[in-house]
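Undergrad: build the 3D model from these lines:
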Amino acid sequence: MVRVGRYRDVIAAVAFLAFSVTMYSSIDGIRVFAPNSASYVNARFFPYALSIILGGTSLVQLFVAVRNLPDEGGAGMSRAGLMRILASLVLLTAYVASMNALGFVITTAVYIFVQVLLLTPRERFSLRFALGLAVVATAAIHILFVHILTMMLPRAAFLPF
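TA: The predicted structure is shown next:
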């Protein structure tokens, strides 16, 4: 067993809170193409909303984590669990690195499929569910950003989307 520590939830909450504050403070650097537009939905809307929601949930997590601190010892994590976390980090890095070459649609669908494959227990894994989730989630995100928020996403050189 790898010792994680009794403050892991507190540390995670503080890290996410710091990330949300950093994200919120850097939003002013995002260019808006129609700054005098009457619409509040522009390139800054989603980052603002995400940083506020992330900050709020981080505060709730911090409150609950401090309230439920264990009296002694730390929770343990199996080696397999630790390997899944490391594999997820490698997968996320590969996702970001391949985004410009393969485009948003392909990389996101592959990323979601492999992440579901990685995190779902073998006895509960369904190929049909994983493929369906990858396709539906990718399509929903693409529609949200491209058609509703009118933001450009990375495109593959050989595909029209």
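
Undergrad: rest of the way, CA atoms for contacts and neighbours
TA: Fine.

Undergrad: so for the residue nearest the centre of the chain, what's the pLDDT?
TA: Taking Cα atoms, centre = their mean as the criterion, L92 is the residue nearest the geometric centre of the chain, at 9.2 Å. Turning to L92, the model gives it a pLDDT of 88.

Undergrad: quick check: closest non-adjacent residue to it.
TA: Distance criterion Cα to Cα, 6 or more residues apart in numbering; nearest residue to L92, sequence neighbours excluded, is Y111 at 7.6 Å.

Undergrad: any idea which helix or strand comes after the helix or strand where that neighbour lies?
TA: When secondary structure is defined by DSSP states H and E, Y111 falls within helix 104-119. As assigned by DSSP H and E, the chain's next helix or strand after helix 104-119 is helix 127-142.

Undergrad: pull out the buried positions in that following helix.
TA: Buried positions in helix 127-142, judged by neighbour count with 16 or more other Cα atoms under 10 Å: A130, L131, L133, A134, V135, T138, H142.

Undergrad: could you do stretch 14-25 as well?
TA: V14, F16, L17, F19, S20, M23, Y24.

Undergrad: state the helix or strand in which the residue nearest to the centre of the chain lies.
TA: Per DSSP H and E: helix 79-102 holds L92.

Undergrad: re the thing from before, would you format the buried residues of helix 127-142 as CSV with distance to R67 included?
TA: As requested, those are exported to CSV (distance: Cα to Cα, whole Å):
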residue, distance to R67
A130, 36
L131, 40
L133, 35
A134, 37
V135, 40
T138, 38
H142, 40
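
Undergrad: state the distance from the nearest residue to L118 once chain neighbours are set aside to L117.
TA: Excluding the flanking residues, the one nearest L118 by Cα to Cα, 6+ apart is R84, at 6.9 Å. Going from R84 to L117 by Cα to Cα, to the nearest Å gives 11 Å.

Undergrad: same question, R31
TA: On the measure of Cα to Cα, R31 and L117 end up 37 Å apart.
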